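>>> I need the structure of the sequence given here:
(chains A and B)
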Amino acid sequence: MIIDVHAHWGPWFFTMDVAGATLATMDRYGIDRAIVSSTEAVIYDAPAGNRALATALNAQANGENGERGGDPDNGRGDSPDGGRGGGRGRLYGYVTINPRRLQEAVRDLAEYLPTGRFVGVKIHTDYTGSPATSPQLRDALELVASAGCPALVHTWGRSVLDLAQVCLDTPGLRVIAGHMGADGFRYAIEAARACDRLYLEPCWSHAPAGRIAEVAANVDARQLLFGTDATLIDPSSAFGSVAAANLTGETAERIAWRNAAELFGLETA
Amino acid sequence: MAPTVILCALFVNGMIGRMAIKDKAGMAFDAWGLIGGLEVALDVDVLVGAYPDRDGPPGTPATVRAMLAAHRIRAGAVASLRAALFDVRSGNDATLALAAPDDLAAADALAVVNGRATPGGPTAGAPVAFVPVGVVDLRDPLRAGREMDRLAAAGVRAVRLFPDEQGVEAAFPSVRHVARRAARLDMTVLTGGDVRRFWQPFAGLEARVVFLDTHFYHLGDFLVAAADEPGFHTSTRLLNSPDALETVAAEIGAERLLYGSRTPHYEPIVPLLRLATSGLKPDEVAAVAGGNARRLLG
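Model prediction:
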């Protein structure tokens, strides 16, 4: 079982054509579940992107396209199911919020979280010009804490330390440091050790040797999650990096899915 | 202050629609199960030595060979960080010595030892050969030209550039100077740097170049440049979007792709996994895993 806590749904502006490849990409690596954010919501228009994703997830839940894979793929319905029972129920959503537009965020949280198909909040600090030190990000994360769901926040370099401070200052907030700081993974170690409500997920297009092993050796395994950044980044990067760390037993299981299931309240059986 | 809303009660209701998670038997992150029998005949991006400004592996030849063997990489195009960062001549001489038959025999013995301890595939202990790649320092273009002459006379077929490490920009005259010399000597150039800039000094020379740092973010720029330059190739190391390898194969042909790992400073299993799970045809996978590199580097 693998749960990907950092995935996307929708097209990208780079030289790539992956808008309909969400489930097929998961299938290549045996990823059973993914929590996705809308690329439109992340990059440009949060309400419009959330709305489109909600429609797609609703179609997924109703089994539309299900006989052909069920990928909420902008209506193409061309994704294989890889023998994993179609797309039904495999994708959960993040409500993406722009910290500069919190009234929109309030409306979207109230609309989408109760559906049960959205299980957390996504905030991209760069696309919204809202670094971890900004007042609007603090306000946004306070809103998330009041909503009672986890937030996935983009981090890079030292910014993961700033995020840890916000988390410490915000009672009840549970936050995932997206990319675990990328090249700042040693800061991520420091951040996770400072705040036990801060979680780390590893996705990055670069794979420096020993990065995951070092983090796993220095951070409580209960704070480690698995994320890929698919469909921007192929899961091979995170999957291979984690595999290279040769994690076993409880640590491997926690990273693969157990921590994610607990953090997002996904029922286990 | 954030707008205050009480949404928690709503979220409790939201739990109703969630599906149960059931674990399945089997090992999570079983990369070797996905890689299957794939082996790499020649890795175009291997280094010996360490970066003094970074925490990282020491990069001794023995440990590099062991890491390659553990990933079923049978040969590596190896270049010296000593040459790149400090002293070209002694670093290149050490590289040439690594490729000598005596050193390979020692590597055979080492590989047998490594084969017992490494986590790689079933034939991880096979010997690893080094194909020597010369290095020049772009901060001294005059000496760089002379070193290329010396390397070519010694039978070295490729030279590697480290513009980022040496603080050299694509528009510096030294880069064009080295590019011209390489074309004249019929040497393949392996170069780091941003492909959106470093394509330019090699244009119009009928140069054979492998861009080692091509990131999938910049894939479109590489493709339009390579369309006009049949000698332009790219490493697969950072082409790790879901369709980058397939896009290169479709646009300009899989013969332009070369497996590159940057062992020991990067995880070689990542590009290996990406290649193994790609949509390339088996003959294309074999070409990327070493056939193309053999054609360029011998």
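>>> CA atoms for contacts and neighbours, from now on please.
Noted.
>>> ok, which stretches of the stretch 101-250 of chain B are helices?
Listed from the start of the chain, the stretch 101-250 of chain B has helices (DSSP state H, counting those that start in this stretch) covering B:101-117, B:141-153, B:163-166, B:173-185, B:195-198, B:219-228, B:244-251.
>>> need those in CSV with distance to chain A, can you?
Formatted as CSV, the entries for the helices of the stretch 101-250 of chain B read as follows, by distance: least, C-alpha to the nearest C-alpha, whole Å:
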stretch, distance to chain A
helix B:101-117, 13
helix B:141-153, 30
helix B:163-166, 16
helix B:173-185, 26
helix B:195-198, 14
helix B:219-228, 5
helix B:244-251, 7
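>>> Same list (those helices) but as JSON lines, adding mean pLDDT and mean neighbour count.
What follows is these, written out as JSON lines (pLDDT from 0 to 100; neighbours: other C-alpha atoms under 10 Å in any protein chain shown):
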{"stretch": "helix B:101-117", "mean pLDDT": "48", "mean neighbour count": "16"}
{"stretch": "helix B:141-153", "mean pLDDT": "98", "mean neighbour count": "17"}
{"stretch": "helix B:163-166", "mean pLDDT": "98", "mean neighbour count": "15"}
{"stretch": "helix B:173-185", "mean pLDDT": "98", "mean neighbour count": "19"}
{"stretch": "helix B:195-198", "mean pLDDT": "98", "mean neighbour count": "18"}
{"stretch": "helix B:219-228", "mean pLDDT": "98", "mean neighbour count": "17"}
{"stretch": "helix B:244-251", "mean pLDDT": "98", "mean neighbour count": "19"}
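>>> Redo those helices as TSV? Include distance to B:Gly37.
As requested, those are arranged in TSV below (distance: least, C-alpha to C-alpha, whole Å):
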stretch	distance to B:Gly37
helix B:101-117	16
helix B:141-153	36
helix B:163-166	35
helix B:173-185	36
helix B:195-198	32
helix B:219-228	28
helix B:244-251	19
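>>> contacting residues for B:Tyr217?
If you count contacts by C-alpha atoms under 8 Å, 6 or more residues apart in numbering or on different chains, B:Tyr217 has them with A:Phe14, A:Thr15.
>>> Distance from stretch B:77-92 to the middle of the chain?
How far stretch B:77-92 lies from its chain's middle: 17 Å, per C-alpha atoms, centre = their mean, to the nearest Å.
>>> gap between the two ends of it?
Chord length of stretch B:77-92, first to last residue, is 13 Å (C-alpha to C-alpha, to the nearest Å).
>>> Strands of the stretch 101-250 of chain A, start to end?
Across the stretch 101-250 of chain A, reading from the start of the chain, the strands by DSSP state E, counting those that start in this stretch fall at A:118-123, A:151-154, A:175-178, A:198-200.
>>> Show me what the shortest one is packed up against.
When you say that, I think you mean strand A:198-200. On a contact count with 3 or more C-alpha pairs under 8 Å, 6 or more residues apart in numbering or on different chains; DSSP states H and E, strand A:198-200 meets strand A:175-178, helix A:185-194.
>>> Output the below-cut-off pLDDT ranges for chain A.
Per-residue confidence of chain A (counting by pLDDT under 70) places the weak regions at A:65-88, A:268-269.
>>> Look up how far B:Arg143 lies from B:Arg150.
With distances defined as C-alpha to C-alpha, the gap from B:Arg150 to B:Arg143 amounts to 10 Å.
>>> do B:Arg82 as well
In terms of C-alpha to C-alpha, B:Arg82 sits 16 Å off from B:Arg143.
>>> got it, and A:Thr228?
In terms of C-alpha to C-alpha, A:Thr228 sits 45 Å off from B:Arg143.
>>> do the same with A:Asp196
As judged by C-alpha to C-alpha, A:Asp196 and B:Arg143 stand 55 Å apart.
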